[in-house]
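*Asks:* need coordinates for the below:
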Amino acid sequence: MGHAVRRASELALDETTVTAVRAALKSTADEVVQAIIDEVPSYANALSGRMGGTIRRSVRTALGHYLDLASGNATGGDAGDAAYELGRGEVRDGRSMDALLSAYRVGARVAWRCLAAGAVPAGLPAAEVAKFAELTFAYIDELSAASAAGHADELAARGRAHERHLEHLARDLLADASPDVLLASVQRAGWQPPVSLTVVLLPAAQARPAYRALDPSTLVLDDLPDATGVLLVPDADRPHLLRQLTDRTVVVGPARPWTRASASYARAVRARSLSSDIRDTEDHLPELVLSADADAFADLRARALAPLRTVPAATARRLEETLRAWLLHQGRRDEVAAALFVHPQTVRYRMAQVRELFPDLASPQRVLELTLAVGPRVRAGGGRPSRAPG
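*Replies:* This next block holds a predicted model:
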């Protein structure tokens, strides 16, 4: 409390004045508290409970140290510590600094009136009365500053703790934790569960900037391996979300019930492993389905397309390409020809070869297997499913 200490060093209170002022301390403290109750609405109820006891003790402590300071017997450090704790307490009670600063202003006015009423009759000279007033208000200013520092520090600490709880919740969601664990994490984080969560993967450096444009209830992780960031977006309007992320390198998983956010995360991760070009996993469901079991897909292709092994490689490639177009266009020859950039007669000729190799082509089961086997070429398990020889 450097400024107040300097003011105190300029003030000369004799023992008579100190004794007179000290005698007025108790009544002064009571008047300060009553004035705060009357003039600062935020404390009307607070001062009747636990906070009331704290405020009363703080007022008495502050006034006692103030008088010690004025008489040259203390530095006022303890009062500054008490003011700092008062500021922290305001955060715990859910109040801003406004009410406490108003209380300080009311307290300064009442304290000065009461203390001056004791000092002047005791013979304090007019020049010293002016210095006494300056000390009073310098002291209150420094108590206010100490409280403001306590308030800011508590807010920062609570903000960091809240952020840690939110990050812990996000990790529990991605790890598919049990419902009991998730509910406990939700309560610690003070987070309101949405109906659904949509996972967005993006570079870690982009996670926080992207978050600022999204729902403030979005959960963020930006310290996963491989410099990956994750956003868990609540109740997302998917087209709008994709537009918001247009300029970012993202993979957007499906919306899932919030307790199953891990499923959205798993799909986004798998989509990213398939191709760096995938942004919206909903646009690539066939590739994702066919890549779900790479070995099964390879086995299916090998079995379903085994007849192509009996013809030369170049012929096998042309016939597989024709078969794929035939299945996708449901046998409409002109559309197949347009897709392959060939004459419809070429399609007729090739399909005659295909039917020789696949005599059961009309079987629904055979059609299903072949449709899957010649479907989108996808990357799975770090490699491309093997093509049928030939």
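
*Asks:* for the nearest residue to residue 328 once chain neighbours are set aside, what are its contacts?
*Replies:* Leaving aside its chain neighbours, residue 328 sits nearest to residue 339 (7.7 Å; criterion: Cβ to Cβ, 6 or more residues apart in numbering). No exception for glycine: its C-beta is placed from N, CA and C like everyone else's. Contact analysis of residue 339 by Cβ atoms under 8 Å, 6 or more residues apart in numbering lists 325, 328, 329.

*Asks:* I'd say the last one and residue 336 touch.
*Replies:* This points to residue 329. Yes: the pair residue 329 / residue 336 is scored as a contact, 5.0 Å apart, by Cβ atoms under 8 Å.

*Asks:* neighbours of the closest residue to residue 262 other than its chain neighbours, how many?
*Replies:* The shortest distance from residue 262 to any non-neighbouring residue, by Cβ to Cβ, 6+ apart, is to residue 176 (3.8 Å). Using other Cβ atoms under 10 Å, residue 176 has 15 other residues around it.

*Asks:* distance of residue 176 from residue 275?
*Replies:* 25 Å (Cβ to Cβ, to the nearest Å).

*Asks:* can you give me the neighbour number for residue 35?
*Replies:* 17.

*Asks:* now it: how far from residue 110?
*Replies:* Distance from residue 35 to residue 110, by Cβ to Cβ: 5 Å.

*Asks:* next: residue 254.
*Replies:* Distance of residue 254 to residue 110, computed by Cβ to Cβ: 64 Å.

*Asks:* and for residue 363?
*Replies:* Remark: distance between residue 363 and residue 110 (Cβ to Cβ) = 97 Å.

*Asks:* of these two, which one has the most company?
*Replies:* Taking other Cβ under 10 Å, residue 363 and residue 110 do not tie; residue 110 has more neighbours (20 against 12).

*Asks:* host element of that one?
*Replies:* helix 97-119 (DSSP states H and E).

*Asks:* with adjacent residues omitted, what lies nearest to residue 366?
*Replies:* Distances taken as Cβ to Cβ, 6+ apart place residue 360 nearest to residue 366, at 4.9 Å, with adjacent residues excluded.

*Asks:* where in this structure is pLDDT low?
*Replies:* For the chain, the stretches flagged by pLDDT under 70 are 1-14, 44-52, 70-78, 118-129, 376-390.

*Asks:* rerun that using 80 as the cut-off
*Replies:* For the chain, the stretches with pLDDT under 80 are 1-29, 42-80, 82, 93-94, 111-137, 157-159, 225, 293-294, 375-390.

*Asks:* now the strands for the stretch 151-300 of the chain?
*Replies:* Assigned strands in the stretch 151-300 of the chain, in chain order: 196-203, 219-224, 228-234, 251-257 (criterion: DSSP state E, counting those that start in this stretch).

*Asks:* quick one: the shortest one to strand 228-234, angle?
*Replies:* Read that as strand 219-224. Orientation check (axes from the mean of the first three to the mean of the last three Cα atoms, to 10 degrees): strand 219-224 against strand 228-234 gives 170 degrees.

*Asks:* strands paired with strand 219-224, and their directions?
*Replies:* strand 228-234 (antiparallel) (DSSP bridges).

*Asks:* show me what the strand it pairs with is in contact with.
*Replies:* With Cβ under 8 Å, 6+ apart as the criterion, strand 228-234 contacts 170, 173-174, 194-208, 210-211, 214-215, 217-222, 224, 241, 258, 261, 265.

*Asks:* same check on stretch 189-202?
*Replies:* So stretch 189-202 is contacted by 162, 165-166, 168-169, 173-174, 186, 210, 217, 219, 228-236, 238, 241, 245, 248-258, 261, 264-265, 268-269, 272 (Cβ under 8 Å, 6+ apart).

*Asks:* drop anything exposed from the residues you listed.
*Replies:* 165-166, 169, 173-174, 186, 210, 219, 228-234, 236, 241, 245, 248, 250-256, 258, 261, 264-265, 268-269, 272 (16 or more other Cβ atoms under 10 Å).

*Asks:* show me what contacts the residue nearest to residue 262?
*Replies:* If you count contacts by Cβ under 8 Å, 6+ apart, residue 176 has them with 260, 262, 263.

*Asks:* what do you get for residue 255?
*Replies:* 196, 197, 198, 236, 238, 264.

*Asks:* one step back: and the residue nearest to residue 366, its phi and psi?
*Replies:* phi -100, psi 30 (degrees, to the nearest 10).
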